[in-house]
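>>> after the sequence you'll find the predicted model.
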Protein chains: 2
Amino acid sequence: MTAPPTHESHLAAVEALKAQEAALRYDHATLTSMSPDECCANSILTRLRDADVQAKWEKEGDLTSFPGMDFYGAKKNGLGPDKPTDLWRAVQRMPKGALLHCHFDGTVDTRFLLRHALQTSNMAMKADMPLSSKDVLWKATVEFLVLPKGAKKTTTSIYSKDYIPGSWVSFKLARDCFPYPHPYLTEKNGSASELPEAFFPTSPFDAYIHSLMTLTPHSAVPVPTNSKQAWAKFRSTFGVIAGLLGYEPTLKAYTKELILSHARDGISYTETRINFLAEFMVRSDGTYNLSHEEWVRIFIEAVNEVKSEVKDGSFVDAKIIYTTVRFIDNERLRWYLEDCIVLKKKYPEWIVGLDLVGHEDPLLPLKVYIPELLRFKARCAEEGLEIPFVFHAGETLEDGGDADLNLYDALVLDTKRIGHGVSLARHPLLTDIVKERDICIEICPISNQILGYTASICSHPSLLALLHRDVPVTLSSDDPSIFENFGLSYDFYQLAVSSQSTSLGSLKTLARRSLKYTLVGEEVKAKMLEDFDRRWDQYVAWLLKNFGHLE
Amino acid sequence: MTAPPTHESHLAAVEALKAQEAALRYDHATLTSMSPDECCANSILTRLRDADVQAKWEKEGDLTSFPGMDFYGAKKNGLGPDKPTDLWRAVQRMPKGALLHCHFDGTVDTRFLLRHALQTSNMAMKADMPLSSKDVLWKATVEFLVLPKGAKKTTTSIYSKDYIPGSWVSFKLARDCFPYPHPYLTEKNGSASELPEAFFPTSPFDAYIHSLMTLTPHSAVPVPTNSKQAWAKFRSTFGVIAGLLGYEPTLKAYTKELILSHARDGISYTETRINFLAEFMVRSDGTYNLSHEEWVRIFIEAVNEVKSEVKDGSFVDAKIIYTTVRFIDNERLRWYLEDCIVLKKKYPEWIVGLDLVGHEDPLLPLKVYIPELLRFKARCAEEGLEIPFVFHAGETLEDGGDADLNLYDALVLDTKRIGHGVSLARHPLLTDIVKERDICIEICPISNQILGYTASICSHPSLLALLHRDVPVTLSSDDPSIFENFGLSYDFYQLAVSSQSTSLGSLKTLARRSLKYTLVGEEVKAKMLEDFDRRWDQYVAWLLKNFGHLE
């Protein structure tokens, strides 16, 4: 018979359990091998987090905010660079390693595209109905395209009832004549919109187009209440972005800005998924025949230019994951897979993986594409190429539905990473397999919240459940131009502020290991890790210097 | 070297993985030992589910509904007995075993209390401000109490500006003179409220009081957007309910109705948590000195009366879990724990467990109460009593915060079950311990959604994650009078309709094993299981008879 428990023996048993569980977690190795400076920085970050929680998210009597709350609610409450808190500054400054999951056309701030459109003389705009009243602004489908020199545009205003749907008008003219008030500054109950003005374009037209390219809520388009509504709006943004982005000079500038903006946020390496669904984009001269091979050439030129311009070590490299969309048939897929092989042969260093993207719930499941995907594997072997799969899978609320079952197909297809994996933690066997095979799960917490897979980062079905089982997880931004969670600071911040078990050591683990799961050679990887460690030491020194005196 | 995969070998590998994982799940044993009739009933239920999904939750072009959506949204979309679908009928009819987690004062339809109040001649009402305009109706704190005969009430109308806050008025008078329109039927954009009228009390006063006792949204009190807001409203309901319920004749009738309404929903056994925080309730004669011992006596009388009235096997028994609230200090706790021991000694068959309840996030963590809880254990041993702990723990969004850490203390205290455990699946070690020790997790999916711990049952952080690891989980309703998820049909339905991996065999597993985790002796348990199996066979026959011809 054992002795009855005492207060001391109870406390000891609780501490033992906590320690035993902590030893299983992803950050254990980091936390138990920190230098004295890192230990000090670790408590600094915890202190900054606690201060942020008190000052911003758990204010006495405030029932609207909480740590890790929904992204747009959090922004409204001051999350981000406009009102940077110490925690924000600390997270923003942090080296974040690699960004492994972002869609090329959904990554750079859409205001960048608007600025470029303004400098593009033949940029044209069309709508599928006259934009003749404020009411239709968010019902119409609006598109852009750079027309060839001398191409005919209509002179009828797109805002006139006489506008013939689908006819091209001048972008500049449409901008200059925009007859409606600024959509983000509509008066509501006598006061201006609650969202910070600095956050948005100042021209009412720019703000309107910005609103078509982002999910940021405003008075005419409120926050969607579920995944279906969010996806409907999300899908619509890509068609607006396409025409502004798909123009040779913009493409190159955009690629450079993608890399530079990431570098500014502490991301030194990016693997971006480029959607090659459209066969062509627009050349500098306005002709619509810029091929996939040329896009990749432009991407490489942009990367190499940044490499030669940025010498402070904040940028290392960027690569391409070839993607097409899950609504095509197998015949069409074969065309894309051969296209991918052609590009890989031409640019072997640059095409590092293959994925099929799109809304998993309504689109085709991976199982439909097995014949062509297996043929692709055989073709790669034949050609001596290595193009690993990095499939989206489990980005769904379904349990046992096709999107959930994509996880099985992705694993049997030997995917090297999994995009999202929202439903993974419900699969005990698959979770074990993923851990055993060291497959990285690219979790996109803010994207998942905005697209309706979780109410907040705090209730994410897989994020902490996988991390605490030491399943390899990295944080990604997914489509930051559309969600406006640029870089990785927002995602890192939301995790740091909402989880008391998350420390600087945890964030370091996430950042550092993102490099481990990049699809580059071991030599490059080793160099990147070495580079990361050097930058991390500098960061720790910065933390001590800037916040250490308050200890 | 292995042969390259073929389409066939891929499919076989996927099927093998699925089978291997299915074998780990909670419903595997049930699914692999079904009788031919059960197999047939199993496919019937799946067919009814698929039909419901198509007809109600995935309607072409409807972006507002989805299977397992938030409870009030789902009700608005027709979930429930008002427009019963075949799936609803099938789920409602199902024997559901035991309800292990419901708070006594939050269980019976509040309209029952309103009807009783109307029959209680000395029922009085007060408010902390004059209810002199529509605007203050949901700002005021309203309370009820049965006054002793001849007690003085004010004759000033509670709706007059002259009403002195806190003075008692006649309930009947307040009801008869209610000067405001029906709160659920306010005209909005020219049309009546979108909520079904049949669902609510018809008298405007009753509807008003009903709205104070429930979280059901209406035009004046919309759906809360986070856990803090939901809890603020939730907490307020108990004070309104208390005075209507805490009256000897009502208490008894309420207890009978609790049992009977459960029996009507297929629940044959209930362990209800009674909050003994208030020392007294009101006696039949209006004196305010009905003791805890007398409440328990009334409970027992009610149960025994139903036992003698209900002979169809739909009701077996009901027991009490003694609870007090997590804001008292240790000294006060000792009083309650001794009170619990007194009641247990007096009614050993009826007091089956102990819990501390309340909002875990802001209230005191278990670790504060360790000294008294250990003393209670020693006292029980001394007295030869067995009063197991069945603690609430992990009902939180926090990770690593006090409410999350309650899980450690509860396990070290040797809790027999865990209430909620929302954050449990993030703890790999604790999850394994819970499974090993066969500790049942009482998950309350609809409560968790309404109180802001998950956006929908589909993204619940622990429900499917634990079930699919075969951690013992039962479904519970928590506070159905306040949420209006009466019985267990709503919770079972939401799970069935939202998870394609959930079949009749899964639901049977949940229902049957709820009996296994009751806190009664092994003999009683064996009888209840035998009884369940008999009723289950009848249910299967009913399913085949009513829906089998469509196969």
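Yep, that arrived.

>>> start and end of stretch A:281-290, how far apart?
5 Å (C-alpha to C-alpha, to the nearest Å).

>>> now swap in stretch A:217-226 and tell me
Taking C-alpha to C-alpha as the measure, stretch A:217-226 stretches 14 Å from start to finish.

>>> and the pLDDT for the residue in the stretch 301-450 of chain A positioned nearest to chain B?
Using C-beta to the nearest C-beta, the closest approach of the stretch 301-450 of chain A to chain B is made by A:G400 at 3.1 Å. C-beta here means a position set from N, CA and C on the backbone, and glycine is covered the same way. In this model, A:G400 is scored at 97, pLDDT.

>>> report how many residues lie close to it.
17 (other C-beta atoms under 10 Å in any protein chain shown).

>>> surely it touches B:S498?
No - with contact defined as C-beta atoms under 8 Å, A:G400 does not count as touching B:S498 (10.1 Å).

>>> show me where chain A has strands.
Here chain A has its strands, by DSSP state E, at A:97-103, A:123-127, A:142-146, A:169-170, A:267-275, A:317-325, A:351-357, A:390-393, A:417-420, A:440-443, A:473-475.

>>> dump the ones you listed to TSV, plus distance to chain B.
Output for the strands of chain A, formatted as TSV (distance: least, C-beta to the nearest C-beta, whole Å):
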stretch	distance to chain B
strand A:97-103	20
strand A:123-127	22
strand A:142-146	20
strand A:169-170	31
strand A:267-275	24
strand A:317-325	20
strand A:351-357	16
strand A:390-393	12
strand A:417-420	13
strand A:440-443	14
strand A:473-475	13
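
>>> contacting residues around the residue nearest to A:H359 when sequence neighbours are not counted?
The shortest distance from A:H359 to any non-neighbouring residue, by C-beta to C-beta, 6 or more residues apart in numbering or on different chains, is to A:W231 (5.2 Å). The contact partners of A:W231, by C-beta atoms under 8 Å, 6 or more residues apart in numbering or on different chains, come to A:H359, A:D361, A:L451, A:G452.

>>> burial check on the nearest residue to the third one once chain neighbours are set aside, number of neighbours?
It stands for A:L451. Nearest residue to A:L451, sequence neighbours excluded (C-beta to C-beta, 6+ apart): A:A230, at 4.8 Å. Counted with other C-beta under 10 Å, residues neighbouring A:A230 total 20.

>>> wouldn't A:A230 be in contact with A:P224 here?
Yes - taking contacts as C-beta under 8 Å, A:A230 lies within contact range of A:P224: 4.0 Å.

>>> overlap in contacts, these two.
Common neighbours of A:A230 and A:P224, using C-beta under 8 Å, 6+ apart, are A:L215, A:G452.

>>> quick check: phi and psi on the closest residue to A:L363 other than its chain neighbours?
Spatial nearest neighbour of A:L363, chain neighbours left out: A:R326 (4.0 Å); criterion: C-beta to C-beta, 6+ apart. Backbone torsions of A:R326, given as degrees, to the nearest 10, read phi -80, psi 30.

>>> wait, what's in contact with A:R326?
By C-beta under 8 Å, 6+ apart, the neighbours of A:R326 are A:L356, A:V357, A:G358, A:E360, A:L363, A:L364, A:P365, A:Y369.

>>> count of neighbours near the residue in the stretch 451-551 of chain A that chain B sits nearest to?
Proximity of the stretch 451-551 of chain A to chain B (C-beta to the nearest C-beta) peaks at A:S501, 3.1 Å away. The number of residues packed around A:S501, counting by other C-beta under 10 Å, is 20.

>>> next up, the contacts around it.
Neighbouring residues of A:S501 by C-beta under 8 Å, 6+ apart: A:R25, A:L464, A:H468, B:D399, B:G400.

>>> likewise for A:K256?
Contacts of A:K256 (C-beta under 8 Å, 6+ apart): A:A302, A:E305, A:V306.

>>> any chance of the residues you listed in JSON lines, with neighbour count too?
Converted to JSON lines, these look like this (neighbours: other C-beta atoms under 10 Å in any protein chain shown):
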{"residue": "A:A302", "neighbour count": "21"}
{"residue": "A:E305", "neighbour count": "14"}
{"residue": "A:V306", "neighbour count": "19"}
